[in-house]
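Enquirer: sequence unavailable; structure follows:
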């Protein structure tokens, strides 16, 4: 697609992503239970999110994308997550891959997006199950990868693996070269369809379909828009934590909305100091998590758009602050769930679904804050950075 034509099209006033998503939120709500039952987001929901532009939001204009700022993307994700956390999880993960493609080789962008800017890409970045052999012009790749959310709706996948004598790379693979194995029988986030990706026998992946970890760390790319100087890790870590902020807000709405129908006299609930304190503490934790996320993106965007470099200390701080979100949102929801009443224990109770989703999301390695806290604290005391995914 001609770049000048693409930019002219996107320069025309368009609705924000939040505005574009709003007409589809009722559908997200209506199909949430079916998604849990099917262990997949409904295809109609995916089509609606495509129509809203969620999967081309972070794609460069040159390829038919919107080049939306992260804040706009995540506001829309929050709105989706307040209706269903699983849908927000899949939307964010598939949507953020356009950002990674943007900082890869231009040929990869051509191969994926030339015919359709809404092309959906799945991922599984854990390198444990991958095997790589270096060959002329690229690599032979095989193995098994888990937790590939939304993979049934995608025609490409990004897979992490270790290249011998080099280190970590991400490999872009078309659907003809892999199989999806139905393994996702989970306690929560059931609708994410986070199944396994299997490549056997090995397939060839050309060098231009790979992304070196250190290129992501060093913000190496050929895009003209400095928006893409925001480190790749800072984008990805937020798509696996932000849905929990929205889900916790949803749980709060469920709790306060159900108070009138509680088996306990609702007038007593309003005067119960334990209940009112629980509500206040949870509201504050949710607001803090959301405010810090947008504050951090505001700061990063201001820096990159003015030609500044985001310091390592700032990147480590933001990494930790994303990693601690699930701990805080579990706290906010657990505090309410403990006093949510007898109806909350039954299958299908909305607040119970949210409780399960948030606890399962905490199992994602990016949502374990311990190593990130150690790194940030150590650097504050004069140590060197120990993490390149920041």
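Expert: Arrived safely, thanks for sending. These numbers were taken from a predicted model, which means no experiment stands behind them. Numbers count the residues shown, from 1 in each chain.

Enquirer: per-residue confidence averaged over stretch 284-296?
Expert: In this model, stretch 284-296 has a mean pLDDT of 98.

Enquirer: how about residues contacting it?
Expert: Residues outside stretch 284-296 that contact it (C-beta atoms under 8 Å, 6 or more residues apart in numbering): 71, 74, 78, 234, 238, 242, 245, 248-249, 252, 318, 321-322, 325, 328-329, 331-332. (C-beta placed from N, C-alpha, C; glycine too.)

Enquirer: in that stretch, what counts as buried?
Expert: 285, 286, 289, 290, 292, 293, 296 (16 or more other C-beta atoms under 10 Å).

Enquirer: just those: which are in helices?
Expert: In helices, defined here by DSSP state H, the members of the buried residues of stretch 284-296 are 285, 286, 289, 290, 292, 293, 296.

Enquirer: export those as JSON lines, with columns for distance to residue 350.
Expert: As requested, these are exported to JSON lines (distance: C-beta to C-beta, whole Å):
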{"residue": "285", "distance to residue 350": "20"}
{"residue": "286", "distance to residue 350": "16"}
{"residue": "289", "distance to residue 350": "21"}
{"residue": "290", "distance to residue 350": "21"}
{"residue": "292", "distance to residue 350": "26"}
{"residue": "293", "distance to residue 350": "24"}
{"residue": "296", "distance to residue 350": "30"}
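
Enquirer: wait, which of the residues you listed is closest to residue 173?
Expert: residue 293 (31.1 Å; C-beta to C-beta).

Enquirer: tell me who's in contact with the most centrally placed residue in the chain.
Expert: The centre of the chain sits closest to residue 239, judged by C-alpha atoms, centre = their mean, with a distance of 2.0 Å. Counting by C-beta under 8 Å, 6+ apart, residue 239 touches 77, 89, 92, 93, 95, 96.

Enquirer: the fifth one in helix, strand or coil?
Expert: Under the three-state scheme (DSSP: H, G, I helix; E, B strand; the rest coil), the conformation of residue 95 reads as helix.

Enquirer: what's near enough to touch it?
Expert: Residue 95 makes contacts with 54, 55, 57, 58, 73, 77, 239, as judged by C-beta under 8 Å, 6+ apart.

Enquirer: show the buried residues in these.
Expert: By neighbour count, with 16+ other C-beta under 10 Å, those hold 54, 55, 57, 58, 73, 77, 239 as buried.

Enquirer: coming back round to it: quick one: the residue nearest to the centre of the chain from residue 252, how far?
Expert: Distance from residue 239 to residue 252, counting by C-beta to C-beta, to the nearest Å: 22 Å.

Enquirer: likewise for residue 281?
Expert: Residue 281 sits 11 Å away from residue 252, going by C-beta to C-beta.

Enquirer: circling back to that earlier point, quick check, nearest of the buried residues of stretch 284-296 to residue 387?
Expert: Using C-beta to C-beta, these come closest to residue 387 at residue 296, 16.5 Å.

Enquirer: higher neighbour count, residue 281 and residue 252?
Expert: In terms of neighbours (other C-beta atoms under 10 Å), residue 252 is the more surrounded of residue 281 and residue 252; the figures are 21 against 14.

Enquirer: tell me which helix or strand the more buried one sits in.
Expert: Element membership of residue 252 [criterion: DSSP states H and E] is helix 242-258.

Enquirer: tell me what that helix is packed against?
Expert: For helix 242-258, the elements it packs on are helix 70-81, helix 85-102, helix 273-305, helix 325-337, helix 350-361, judged by 3 or more C-beta pairs under 8 Å, 6 or more residues apart in numbering; DSSP states H and E.

Enquirer: surely residue 172 is in a strand?
Expert: Yes. With three-state DSSP as the criterion, residue 172 is assigned to a strand.

Enquirer: ok, it touching residue 105?
Expert: No. Taking contacts as C-beta atoms under 8 Å, residue 172 lies outside contact range of residue 105: 9.3 Å.

Enquirer: joint contacts of these two?
Expert: Residues touching both residue 172 and residue 105 by C-beta under 8 Å, 6+ apart: residue 209.

Enquirer: if we can go back for a sec, of the buried residues of stretch 284-296, closest to residue 137?
Expert: The nearest member of these to residue 137, counting by C-beta to C-beta, is residue 296 at 39.7 Å.

Enquirer: could you list the low-pLDDT ranges of the chain?
Expert: Applying pLDDT under 70 to the chain flags residues 1-12, 259-268.
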